[in-house]
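Chemist: Any chance you can model this:
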Amino acid sequence: MPKKIDIKNKRFGRLIALYEKERGSRKRHAIWHCVCDCGKEVDVSKQQLLSLRTKSCGCYRKEETSKKMKTHGLSKKRIYHIWCRMKSFCLNKKSSKFKTYGGRGISICDKWKKSFESFENWAEKSGYNDSLTIDRIDVNGNYEPNNCRWIPMKDQAWNKRTTVYITINGKKMNLKEAEKNYGIKYQKIYNRLQRGWSPERSVFT
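Modeler: Numbering: from 1, shown residues only. Model (predicted):
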């Protein structure tokens, strides 16, 4: 039987193991109560400490992220703030926008969720510039490459859950797009649809 390793008062990165906590019947690994150099106390499994997979209360990762932001100037980039807002809307339950995004099932693809660089690379290849805003083609769909595009802010209002869409020759579009494509005012198309006209008749008559 292997000898039990006593880690009391031993240092693991920024953590010092203080004492072992009582384990429940389903706990496989010993849990140690530790204090971090920053003063915060956390519970970490002995296995994670010995393998150095956990070396701080989380402050180290935050510091590294902060350094990376300063090094690459991310905090000054508009595209970075768009990424942060997107994540907040979908993942942060305290966000004022969570109810209409994450609260109704809108999520972010794993690549974008985990990596700003991945999101930025997609944005650059998709025609991003500082005058455009991100838009989900399907307003009930997720934030992912196949469902997102960059459009002018003034066009954002034409892609909401309340927006009326029609399909002409197999192509789905909102009424503002139909106005642009076929040269007929969107209000006239809307009024005709309300009277029961078909999309084709509303546009081509």
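Chemist: Next, the residues that contact whichever strand or helix holds residue 135 from outside, please.
Modeler: Here residue 135, judged by DSSP states H and E, is contained in strand 132-136. With contacts defined as Cβ atoms under 8 Å, 6 or more residues apart in numbering, strand 132-136 is touched by 82, 86, 106, 142-143, 147-153, 155-156, 159. To be clear about C-beta, it is placed using only N, CA and C from the backbone, and glycine gets the same treatment.
Chemist: Buried ones in that strand, by neighbour count?
Modeler: Going by neighbour count (16 or more other Cβ atoms under 10 Å), the buried part of strand 132-136 is 132, 134-136.
Chemist: where does this structure dip in pLDDT?
Modeler: 1-3, 24-28, 68-75, 154-163 (pLDDT under 70).
Chemist: Which residue ranges of it form strands?
Modeler: Using DSSP state E, the strands of the chain run over residues 11-12, 15-20, 31-36, 41-45, 132-136, 148-152, 165-168, 171-174.
Chemist: correct me, but residue 14 touches residue 36?
Modeler: Yes. With contact defined as Cβ atoms under 8 Å, residue 14 reaches residue 36; the gap is 5.2 Å.
Chemist: Now for the two: what residues contact both?
Modeler: 56-57, 59.
Chemist: List the residues that contact the residue nearest the centre of the chain.
Modeler: Nearest residue to the geometric centre of the chain (Cα atoms, centre = their mean): residue 87, 2.9 Å. If a contact means Cβ under 8 Å, 6+ apart, then residue 87 has 108, 113 as its contacts.
Chemist: Could you do residue 149 as well?
Modeler: 126, 134-135, 137.
Chemist: Which segments of this structure make up each domain?
Modeler: Domain ranges of the chain: 11-62, 77-159, 164-205, per automatic domain parsing.
Chemist: Take those and lay them out in JSON lines including distance to residue 5.
Modeler: Below are the domains of the chain laid out as JSON lines (distance: least, Cβ to Cβ, whole Å):
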{"stretch": "domain 11-62", "distance to residue 5": "7"}
{"stretch": "domain 77-159", "distance to residue 5": "34"}
{"stretch": "domain 164-205", "distance to residue 5": "64"}
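Chemist: so where do the helices sit in this protein?
Modeler: With DSSP state H, the ranges of helices along the chain come out as 46-51, 59-72, 78-91, 110-114, 116-125, 153-156, 175-182, 186-194, 199-204.
Chemist: So which of the ones you listed is nearest residue 23?
Modeler: Closest approach to residue 23 among these (Cβ to Cβ): helix 46-51, 10.3 Å.
Chemist: Remind me what the closest one packs against, helices and strands.
Modeler: Here helix 46-51 is seen to pack against strand 15-20, strand 31-36 when contacts are counted using 3 or more Cβ pairs under 8 Å, 6 or more residues apart in numbering; DSSP states H and E.
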